[in-house]
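1. Here is a sequence with its predicted model. Questions after.
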Amino acid sequence: MSALTIQSDGLGYGGQTVLGPFRLDIQPGEHLILLGKSGCGKSTLLNHIYTENRDECALIPQGLGLVDRLSVFHNIYMGRLSRHSVFHNLRNLVVPAEARVAEILPLLERLGLSDKCFSAVADLSGGQQQRVAVARALYQGASVLLADEPVSALDGPEADRVMSLLSEHFASAVITLHDVERALRYGQRIIAIQDGALVLDEPAARLSVSALNAFY
Ligand SMILES: Nc1ncnc2c1ncn2[C@@H]1O[C@H](COP(=O)(O)OP(=O)(O)OP(=O)(O)O)[C@@H](O)[C@H]1O
């Protein structure tokens, strides 16, 4: 059985087609990387997958979707809002519950943010904010990760640490990246989008950097 099956007669905006008809089966345990030129439709596809499969998926959107005025703790806690009562959520907004802090701190430690737990997101750097969005996805407890350029604001070693953490944590994933070397390192299967179609769908082991550069 597939972890996810995504089918569409076409995706686009206001009558303009971005992606023609396609079907994509994602098997349990598979980590897919989506590649292609800026504007080819990677985010459009990722957002469509999320819209159709919200319950199974944790999304790291390109814009991160954080609430700037709230603390790092509260932004990460939002990953599990639906698991708690309205009363617990409201009380936790005012006085963070010790048990929730104890769940979130180890994630912050792994992401090098343990001293930022109660800082406002607005006071963090772009790379720190990106790691908060990663922590929220890890905390959510979904089995499938959908991530739109999740390490674009991180330096090389930090980007690799975060990619390894995401790879270990999620059973299945669809991740957009622009770095083809990183795509081959972390993807088991590579999908490339060009001219409104999924033009490549191959195991990463059969591909090379030069083969993937052809899609840029
Ligand atoms: N909300 C929107 N309304 C209208 N057009 C949109 C909207 N979002 C994206 N588009 C258009 O759809 C096309 C695909 O955009 P998309 O964001 O999916 O590309 P992408 O491959 O993710 O790009 P990037 O690598 O730059 O993030 C682009 O031509 C873009 O201008």
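-> Arrived safely.

2. What's the separation between the residue nearest in space to the middle of the chain and the ligand?
-> For the chain, the residue nearest the mean C-alpha position is A147 (1.9 Å; CA atoms, centre = their mean). Distance, A147 to the ligand, using CB to the nearest ligand atom, to the nearest Å: 12 Å. To be clear about C-beta, it is placed using only N, CA and C from the backbone, and glycine gets the same treatment.

3. Which phi and psi values does that residue adopt?
-> Dihedral angles of A147 (phi, psi; degrees, to the nearest 10) stand at phi -130, psi 130.

4. mind listing what it touches?
-> Residues in contact with A147, defined by CB atoms under 8 Å, 6 or more residues apart in numbering, are L46, L59, I60, A137, L166, A173, V174, I175, T176.

5. one more time with 6 Å, if that's ok
-> The contact partners of A147, by CB atoms under 6 Å, 6 or more residues apart in numbering, come to I60, I175.

6. quick one: pLDDT of it?
-> Here the pLDDT value assigned to A147 is 98.

7. before we move on, what about G79?
-> pLDDT for G79: 81.

8. How about the secondary structure of it?
-> helix (DSSP: H, G, I helix; E, B strand; the rest coil).

9. Touching, it and A142? I think so.
-> No: taking contacts as CB atoms under 6 Å, G79 lies outside contact range of A142: 8.7 Å.

10. buried ones in stretch 23-37?
-> Using 16 or more other CB atoms under 10 Å as the test for burial, stretch 23-37 gives L24, I26, E30, H31, L32, I33, L34, L35, G36.

11. near the ligand, which of these show up?
-> When contact is defined as CB under 6 Å from any ligand atom, those meet the ligand at G36.

12. Nearest to the ligand among the buried residues of stretch 23-37?
-> Nearest to the ligand, judged by CB to the nearest ligand atom, of those is G36 at 5.7 Å.

13. Quick check: closest non-adjacent residue to the closest one.
-> I193 (3.8 Å; CB to CB, 6 or more residues apart in numbering).

14. Name the SS class of the one you found, please.
-> Here I193 is recorded as strand under three-state DSSP.

15. State the pLDDT value of it.
-> 97.

16. Can you tell me the closest non-neighbouring residue to I26?
-> Closest to I26 by CB to CB, 6+ apart is L4, at 4.5 Å.
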